[in-house]
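>>> Quick one, fold the following:
(chains A and B)
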Amino acid sequence: MNLLLALAFIALSVGVYLLMSMLYKRYRLPVLLPALTATFTVVVLLLGLHISYETYMIGGEWINRLLGPAVVSLAYPLYKQRHVLWNNLPAVLGGTFTGLLVGMFSGLLLALWFGFSKIYVLSVLPKSITTAVAIQISGNLGGDASLTSVFVMIAGFTGAIGGPYIIKLFRIRGEAGIGIGLGTASHALGTAKALEYGEQAVSMSSVAMTVSAIVGSIVGPVAAWMLYH
Amino acid sequence: MKILRIIAQVGVLYLFFLAGEFLQKQLQLPIPGSIVGLLLLFVLLLLKIVPVKMIEEGSSFILAYLPMFFIPATAGIMNHLDIFSGKGLLLIGILVISSVITMAVTAHSSQWIARRSKGLQPRRRIVVGIGKKEKEA
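Model prediction:
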(Lines give C-alpha, C1' and ligand atoms only; values in the text may rest on other atoms or scores of the structure.)
Protein backbone atom coordinates (compact mmCIF):
# COMPACT_ATOMS: atom_id res chain seq x y z
CA MET A 1 0.00 0.00 0.00
CA ASN A 2 2.73 2.42 0.99
CA LEU A 3 4.68 1.60 -2.12
CA LEU A 4 1.67 2.34 -4.32
CA LEU A 5 1.07 5.56 -2.45
CA ALA A 6 4.72 6.50 -2.83
CA LEU A 7 4.64 5.83 -6.57
CA ALA A 8 1.41 7.80 -6.94
CA PHE A 9 2.85 10.84 -5.18
CA ILE A 10 6.08 10.65 -7.18
CA ALA A 11 4.08 10.43 -10.40
CA LEU A 12 1.92 13.35 -9.28
CA SER A 13 4.96 15.55 -8.55
CA VAL A 14 6.73 14.67 -11.79
CA GLY A 15 3.55 14.99 -13.85
CA VAL A 16 2.62 18.39 -12.43
CA TYR A 17 6.19 19.58 -12.91
CA LEU A 18 6.35 18.52 -16.56
CA LEU A 19 2.98 20.13 -17.26
CA MET A 20 4.00 23.36 -15.60
CA SER A 21 7.31 23.53 -17.40
CA MET A 22 5.45 23.14 -20.70
CA LEU A 23 3.28 26.07 -19.68
CA TYR A 24 6.37 28.10 -18.77
CA LYS A 25 8.08 27.28 -22.07
CA ARG A 26 5.09 28.62 -23.93
CA TYR A 27 4.68 31.94 -22.12
CA ARG A 28 8.07 32.58 -20.47
CA LEU A 29 6.63 34.70 -17.67
CA PRO A 30 8.55 34.73 -14.37
CA VAL A 31 5.36 34.05 -12.39
CA LEU A 32 4.93 30.84 -14.39
CA LEU A 33 8.28 29.40 -13.27
CA PRO A 34 7.64 25.70 -12.61
CA ALA A 35 9.28 25.90 -9.17
CA LEU A 36 6.44 28.22 -8.20
CA THR A 37 3.48 26.90 -10.19
CA ALA A 38 4.20 23.19 -9.69
CA THR A 39 4.59 23.58 -5.93
CA PHE A 40 1.46 25.71 -5.79
CA THR A 41 -0.52 23.10 -7.75
CA VAL A 42 0.71 20.23 -5.58
CA VAL A 43 -0.16 22.14 -2.38
CA VAL A 44 -3.64 23.04 -3.69
CA LEU A 45 -4.26 19.42 -4.71
CA LEU A 46 -3.14 18.09 -1.33
CA LEU A 47 -5.23 20.62 0.59
CA GLY A 48 -8.24 20.02 -1.67
CA LEU A 49 -8.04 16.24 -1.32
CA HIS A 50 -7.35 16.49 2.42
CA ILE A 51 -4.05 14.66 2.12
CA SER A 52 -1.57 15.59 4.84
CA TYR A 53 1.97 16.65 4.01
CA GLU A 54 3.25 13.68 5.99
CA THR A 55 1.27 11.29 3.76
CA TYR A 56 2.51 13.02 0.61
CA MET A 57 6.07 12.70 1.85
CA ILE A 58 5.84 8.89 1.73
CA GLY A 59 6.52 9.48 -1.95
CA GLY A 60 8.05 12.94 -1.72
CA GLU A 61 10.86 11.65 0.43
CA TRP A 62 12.20 9.68 -2.54
CA ILE A 63 12.48 12.82 -4.62
CA ASN A 64 14.02 14.60 -1.64
CA ARG A 65 16.82 12.05 -1.59
CA LEU A 66 18.03 13.36 -4.92
CA LEU A 67 18.74 16.77 -3.40
CA GLY A 68 22.13 15.56 -2.17
CA PRO A 69 23.39 14.48 -5.60
CA ALA A 70 21.78 17.65 -7.02
CA VAL A 71 24.10 19.73 -4.86
CA VAL A 72 27.07 17.59 -5.93
CA SER A 73 26.15 18.09 -9.59
CA LEU A 74 26.78 21.85 -9.20
CA ALA A 75 30.47 20.93 -9.40
CA TYR A 76 30.01 20.36 -13.13
CA PRO A 77 29.04 23.92 -14.21
CA LEU A 78 31.66 25.28 -11.82
CA TYR A 79 34.29 23.04 -13.44
CA LYS A 80 33.20 24.08 -16.92
CA GLN A 81 33.63 27.73 -15.93
CA ARG A 82 36.76 27.27 -13.87
CA HIS A 83 38.63 29.77 -16.05
CA VAL A 84 36.06 32.44 -15.28
CA LEU A 85 36.56 31.60 -11.62
CA TRP A 86 40.38 31.67 -11.69
CA ASN A 87 40.53 34.87 -13.77
CA ASN A 88 38.21 36.71 -11.40
CA LEU A 89 38.96 34.93 -8.15
CA PRO A 90 39.40 37.99 -5.87
CA ALA A 91 36.30 39.73 -7.22
CA VAL A 92 34.12 36.62 -7.06
CA LEU A 93 35.28 35.50 -3.62
CA GLY A 94 35.39 38.99 -2.11
CA GLY A 95 32.08 40.04 -3.62
CA THR A 96 30.15 36.92 -2.62
CA PHE A 97 31.67 36.85 0.85
CA THR A 98 30.88 40.52 1.57
CA GLY A 99 27.44 40.22 0.00
CA LEU A 100 26.60 37.05 1.89
CA LEU A 101 27.63 38.55 5.22
CA VAL A 102 25.63 41.73 4.66
CA GLY A 103 22.72 39.75 3.22
CA MET A 104 22.58 37.22 6.04
CA PHE A 105 22.93 39.76 8.83
CA SER A 106 20.46 42.22 7.31
CA GLY A 107 17.89 39.43 7.03
CA LEU A 108 18.61 38.06 10.50
CA LEU A 109 18.58 41.43 12.23
CA LEU A 110 15.42 42.67 10.51
CA ALA A 111 13.61 39.43 11.35
CA LEU A 112 14.80 39.62 14.96
CA TRP A 113 13.91 43.30 15.19
CA PHE A 114 10.32 42.59 14.17
CA GLY A 115 10.15 39.86 16.78
CA PHE A 116 10.01 36.75 14.62
CA SER A 117 10.66 33.48 16.42
CA LYS A 118 13.84 31.46 16.05
CA ILE A 119 12.52 29.05 13.43
CA TYR A 120 11.63 31.96 11.10
CA VAL A 121 14.88 33.81 11.72
CA LEU A 122 16.95 30.71 10.97
CA SER A 123 14.87 29.95 7.90
CA VAL A 124 15.54 33.46 6.58
CA LEU A 125 19.31 33.09 6.98
CA PRO A 126 20.22 31.11 3.82
CA LYS A 127 17.66 32.88 1.55
CA SER A 128 20.17 34.02 -1.07
CA ILE A 129 21.61 30.54 -1.56
CA THR A 130 20.44 28.10 -4.22
CA THR A 131 17.51 25.99 -2.93
CA ALA A 132 19.15 22.57 -2.70
CA VAL A 133 21.92 23.92 -0.47
CA ALA A 134 19.76 26.44 1.42
CA ILE A 135 17.35 23.70 2.52
CA GLN A 136 20.21 21.74 4.05
CA ILE A 137 21.76 24.72 5.80
CA SER A 138 18.40 25.67 7.23
CA GLY A 139 17.63 22.12 8.35
CA ASN A 140 21.04 21.75 10.00
CA LEU A 141 20.58 25.01 11.91
CA GLY A 142 17.08 24.26 13.14
CA GLY A 143 15.14 26.25 10.56
CA ASP A 144 12.35 24.83 8.41
CA ALA A 145 13.19 23.52 4.93
CA SER A 146 9.88 24.49 3.35
CA LEU A 147 9.95 28.03 4.76
CA THR A 148 13.52 28.43 3.53
CA SER A 149 12.58 27.12 0.11
CA VAL A 150 9.82 29.73 -0.18
CA PHE A 151 12.15 32.46 1.11
CA VAL A 152 14.77 31.43 -1.46
CA MET A 153 12.13 31.85 -4.15
CA ILE A 154 11.28 35.34 -2.89
CA ALA A 155 14.99 36.27 -2.94
CA GLY A 156 15.17 34.86 -6.46
CA PHE A 157 12.19 36.83 -7.69
CA THR A 158 13.58 40.00 -6.15
CA GLY A 159 16.59 39.71 -8.47
CA ALA A 160 14.75 38.30 -11.47
CA ILE A 161 12.03 40.96 -11.45
CA GLY A 162 13.62 43.80 -9.50
CA GLY A 163 17.16 43.32 -10.88
CA PRO A 164 17.00 46.03 -13.57
CA TYR A 165 15.69 48.58 -11.05
CA ILE A 166 18.35 47.64 -8.50
CA ILE A 167 21.02 48.03 -11.17
CA LYS A 168 19.76 51.52 -12.03
CA LEU A 169 19.08 52.65 -8.47
CA PHE A 170 22.50 51.61 -7.16
CA ARG A 171 24.34 52.55 -10.37
CA ILE A 172 25.84 49.11 -10.92
CA ARG A 173 27.95 49.25 -14.06
CA GLY A 174 29.81 46.46 -15.78
CA GLU A 175 28.75 42.95 -16.57
CA ALA A 176 30.97 41.41 -13.91
CA GLY A 177 29.35 43.30 -11.06
CA ILE A 178 25.85 42.71 -12.38
CA GLY A 179 26.52 38.99 -12.78
CA ILE A 180 28.15 38.45 -9.40
CA GLY A 181 25.42 40.53 -7.74
CA LEU A 182 22.57 38.63 -9.38
CA GLY A 183 24.13 35.21 -8.74
CA THR A 184 24.90 35.92 -5.09
CA ALA A 185 21.59 37.57 -4.18
CA SER A 186 19.22 35.60 -6.41
CA HIS A 187 20.92 32.29 -7.30
CA ALA A 188 19.52 30.49 -10.40
CA LEU A 189 16.72 33.00 -10.98
CA GLY A 190 19.25 35.81 -10.93
CA THR A 191 21.50 33.88 -13.30
CA ALA A 192 18.60 33.51 -15.74
CA LYS A 193 18.06 37.27 -15.57
CA ALA A 194 21.79 37.85 -16.15
CA LEU A 195 21.25 36.47 -19.68
CA GLU A 196 19.89 39.88 -20.62
CA TYR A 197 23.18 41.56 -19.74
CA GLY A 198 25.51 39.38 -21.79
CA GLU A 199 27.51 36.18 -21.67
CA GLN A 200 30.02 37.45 -19.15
CA ALA A 201 27.23 38.40 -16.75
CA VAL A 202 25.77 34.89 -17.05
CA SER A 203 28.99 33.03 -16.43
CA MET A 204 29.91 35.34 -13.55
CA SER A 205 26.47 34.88 -12.08
CA SER A 206 26.60 31.10 -12.40
CA VAL A 207 30.05 30.94 -10.80
CA ALA A 208 29.01 33.36 -8.05
CA MET A 209 25.91 31.27 -7.34
CA THR A 210 27.93 28.12 -6.70
CA VAL A 211 30.70 29.89 -4.83
CA SER A 212 28.17 31.63 -2.61
CA ALA A 213 26.51 28.28 -1.88
CA ILE A 214 29.87 26.92 -0.71
CA VAL A 215 30.86 30.04 1.23
CA GLY A 216 27.34 30.37 2.64
CA SER A 217 27.35 26.85 3.99
CA ILE A 218 30.39 27.84 6.07
CA VAL A 219 29.35 31.40 6.99
CA GLY A 220 25.71 30.49 7.73
CA PRO A 221 26.33 28.29 10.78
CA VAL A 222 28.79 30.88 12.15
CA ALA A 223 26.22 33.67 11.80
CA ALA A 224 23.54 31.54 13.47
CA TRP A 225 25.93 30.65 16.27
CA MET A 226 26.79 34.31 16.90
CA LEU A 227 23.11 35.09 17.25
CA TYR A 228 21.94 32.27 19.44
CA HIS A 229 24.86 31.55 21.77
CA MET B 1 21.35 3.74 -23.99
CA LYS B 2 21.50 7.39 -23.04
CA ILE B 3 19.05 6.87 -20.20
CA LEU B 4 21.22 4.11 -18.73
CA ARG B 5 24.26 6.35 -18.90
CA ILE B 6 22.34 9.09 -17.13
CA ILE B 7 21.21 6.71 -14.39
CA ALA B 8 24.75 5.40 -13.91
CA GLN B 9 26.12 8.94 -13.76
CA VAL B 10 23.50 10.03 -11.25
CA GLY B 11 24.68 7.00 -9.27
CA VAL B 12 28.24 8.36 -9.40
CA LEU B 13 26.99 11.73 -8.12
CA TYR B 14 25.14 9.89 -5.36
CA LEU B 15 28.38 8.15 -4.38
CA PHE B 16 30.08 11.54 -4.10
CA PHE B 17 27.20 12.70 -1.92
CA LEU B 18 27.63 9.63 0.33
CA ALA B 19 31.39 10.15 0.46
CA GLY B 20 30.78 13.78 1.41
CA GLU B 21 28.37 12.76 4.17
CA PHE B 22 30.88 10.21 5.43
CA LEU B 23 33.76 12.70 5.49
CA GLN B 24 31.57 15.32 7.12
CA LYS B 25 30.68 12.94 9.95
CA GLN B 26 34.17 11.53 10.40
CA LEU B 27 35.92 14.90 10.41
CA GLN B 28 33.08 16.72 12.21
CA LEU B 29 33.04 19.37 9.48
CA PRO B 30 30.66 22.29 10.00
CA ILE B 31 29.47 22.25 6.36
CA PRO B 32 26.80 19.94 4.87
CA GLY B 33 27.98 16.61 3.46
CA SER B 34 26.59 17.44 0.03
CA ILE B 35 28.85 20.50 -0.16
CA VAL B 36 31.82 18.33 0.87
CA GLY B 37 30.81 16.02 -1.99
CA LEU B 38 30.62 18.97 -4.40
CA LEU B 39 34.11 20.16 -3.40
CA LEU B 40 35.48 16.62 -3.61
CA LEU B 41 34.11 16.16 -7.12
CA PHE B 42 35.32 19.62 -8.19
CA VAL B 43 38.87 18.90 -6.99
CA LEU B 44 38.94 15.45 -8.60
CA LEU B 45 37.71 16.98 -11.87
CA LEU B 46 40.45 19.62 -11.71
CA LEU B 47 43.09 16.95 -11.05
CA LYS B 48 41.65 14.94 -13.96
CA ILE B 49 41.27 11.95 -11.66
CA VAL B 50 37.58 11.89 -12.47
CA PRO B 51 37.06 12.48 -16.19
CA VAL B 52 34.34 15.03 -16.88
CA LYS B 53 32.65 12.51 -19.21
CA MET B 54 31.86 10.41 -16.16
CA ILE B 55 29.42 12.94 -14.71
CA GLU B 56 28.59 15.25 -17.62
CA GLU B 57 25.28 13.77 -18.68
CA GLY B 58 24.09 12.93 -15.18
CA SER B 59 24.81 16.45 -13.93
CA SER B 60 23.19 18.09 -16.93
CA PHE B 61 20.13 15.91 -16.43
CA ILE B 62 19.75 16.77 -12.75
CA LEU B 63 20.40 20.46 -13.35
CA ALA B 64 17.86 20.58 -16.19
CA TYR B 65 15.13 19.24 -13.91
CA LEU B 66 16.44 20.84 -10.72
CA PRO B 67 13.24 22.68 -9.69
CA MET B 68 11.37 19.35 -9.75
CA PHE B 69 13.51 18.02 -6.91
CA PHE B 70 12.45 20.93 -4.69
CA ILE B 71 8.72 20.29 -4.95
CA PRO B 72 8.35 17.89 -1.99
CA ALA B 73 10.51 20.00 0.32
CA THR B 74 8.73 23.20 -0.68
CA ALA B 75 5.25 21.68 -0.44
CA GLY B 76 5.80 21.55 3.33
CA ILE B 77 4.76 25.20 3.21
CA MET B 78 1.18 23.89 3.44
CA ASN B 79 1.82 23.55 7.16
CA HIS B 80 2.99 27.17 7.37
CA LEU B 81 0.39 29.03 5.33
CA ASP B 82 0.25 31.76 7.99
CA ILE B 83 3.35 33.39 6.48
CA PHE B 84 1.17 34.62 3.60
CA SER B 85 -1.05 36.66 5.89
CA GLY B 86 -0.73 39.18 8.68
CA LYS B 87 2.73 39.43 10.18
CA GLY B 88 4.05 36.92 7.66
CA LEU B 89 3.77 39.56 4.94
CA LEU B 90 6.26 41.61 6.91
CA LEU B 91 8.71 38.75 6.54
CA ILE B 92 8.27 38.86 2.77
CA GLY B 93 9.10 42.58 2.86
CA ILE B 94 12.21 41.84 4.94
CA LEU B 95 13.33 39.24 2.40
CA VAL B 96 12.92 41.64 -0.51
CA ILE B 97 14.77 44.49 1.23
CA SER B 98 17.59 42.21 2.39
CA SER B 99 17.92 40.75 -1.12
CA VAL B 100 18.15 44.21 -2.68
CA ILE B 101 20.89 45.10 -0.17
CA THR B 102 22.68 41.79 -0.89
CA MET B 103 22.73 42.43 -4.61
CA ALA B 104 23.88 46.05 -4.34
CA VAL B 105 26.63 45.31 -1.83
CA THR B 106 27.86 42.24 -3.73
CA ALA B 107 27.98 44.04 -7.06
CA HIS B 108 29.80 47.10 -5.72
CA SER B 109 32.27 45.21 -3.56
CA SER B 110 33.16 42.80 -6.37
CA GLN B 111 33.72 45.68 -8.78
CA TRP B 112 35.76 47.55 -6.22
CA ILE B 113 37.94 44.46 -5.74
CA ALA B 114 38.17 43.90 -9.50
CA ARG B 115 39.41 47.46 -10.01
CA ARG B 116 41.99 47.14 -7.25
CA SER B 117 43.30 43.75 -8.32
CA LYS B 118 43.59 45.03 -11.88
CA GLY B 119 45.64 47.92 -10.59
CA LEU B 120 48.07 45.48 -9.01
CA GLN B 121 48.31 43.32 -12.10
CA PRO B 122 48.20 45.64 -15.08
CA ARG B 123 48.16 42.86 -17.70
CA ARG B 124 44.91 42.62 -19.55
CA ARG B 125 42.99 39.57 -18.68
CA ILE B 126 40.93 37.62 -21.11
CA VAL B 127 37.97 35.66 -19.86
CA VAL B 128 38.68 32.24 -21.28
CA GLY B 129 35.74 30.37 -22.66
CA ILE B 130 33.98 33.56 -23.54
CA GLY B 131 36.57 35.13 -25.75
CA LYS B 132 35.46 38.58 -24.79
CA LYS B 133 37.71 41.10 -23.13
CA GLU B 134 36.69 42.06 -19.67
CA LYS B 135 34.94 45.39 -19.71
CA GLU B 136 36.28 48.24 -17.68
CA ALA B 137 34.26 48.31 -14.53
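
>>> Which helix runs longest in chain A?
Among the segments of chain A that qualify as a helix by DSSP state H, the longest is helix A:199-228.

>>> How about chain B?
The helix that spans the most residues within chain B, counting by DSSP H, is helix B:87-120.

>>> Now do the buried residues in stretch A:138-156.
Buried positions in stretch A:138-156, judged by neighbour count with 16 or more other C-beta atoms under 10 Å in any protein chain shown: A:138-141, A:143-156. Where C-beta positions appear, they are placed from N, C-alpha and C, glycine not excepted.

>>> cool, and stretch A:63-82?
In stretch A:63-82, counting by 16+ other C-beta under 10 Å, buried: A:63-64, A:66-82.

>>> Please list the members of those that lie in helices.
Applying DSSP H to the buried residues of stretch A:63-82, the entries found in helices are A:63-64, A:67-72, A:75-80, A:82.

>>> Mind jotting down where the helices sit in chain A?
Using DSSP H, helices in chain A cover A:2-27, A:34-48, A:53-64, A:67-72, A:75-80, A:82-87, A:89-113, A:118-124, A:131-141, A:145-169, A:175-194, A:199-228.

>>> export those helices to TSV and tack on mean pLDDT and distance to chain B?
Output for the helices of chain A, formatted as TSV (pLDDT from 0 to 100; distance: least, C-beta to the nearest C-beta, whole Å):
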stretch	mean pLDDT	distance to chain B
helix A:2-27	93	4
helix A:34-48	93	4
helix A:53-64	93	3
helix A:67-72	92	4
helix A:75-80	93	4
helix A:82-87	91	4
helix A:89-113	93	3
helix A:118-124	92	6
helix A:131-141	91	4
helix A:145-169	92	3
helix A:175-194	90	3
helix A:199-228	90	5
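
>>> Could you point out which of those helices sits nearest residue B:97?
Residue B:97 lies closest to helix A:89-113 among these, at 6.9 Å (C-beta to C-beta).

>>> now the angle between helix A:145-169 and that closest one, please.
On the basis of axes from the mean of the first three to the mean of the last three C-alpha atoms, to 10 degrees, helix A:89-113 is oriented at 120 degrees to helix A:145-169.

>>> ok so, going back, tell me what angle the longest helix of chain B forms with helix A:145-169.
Using the same axes, to 10 degrees: helix B:87-120 against helix A:145-169 is 50 degrees.

>>> Who are the packing partners of helix B:87-120?
When contacts are defined as 3 or more C-beta pairs under 8 Å, 6 or more residues apart in numbering or on different chains; DSSP states H and E, helix B:87-120 sits against helix A:89-113, helix A:118-124, helix A:145-169, helix A:175-194.
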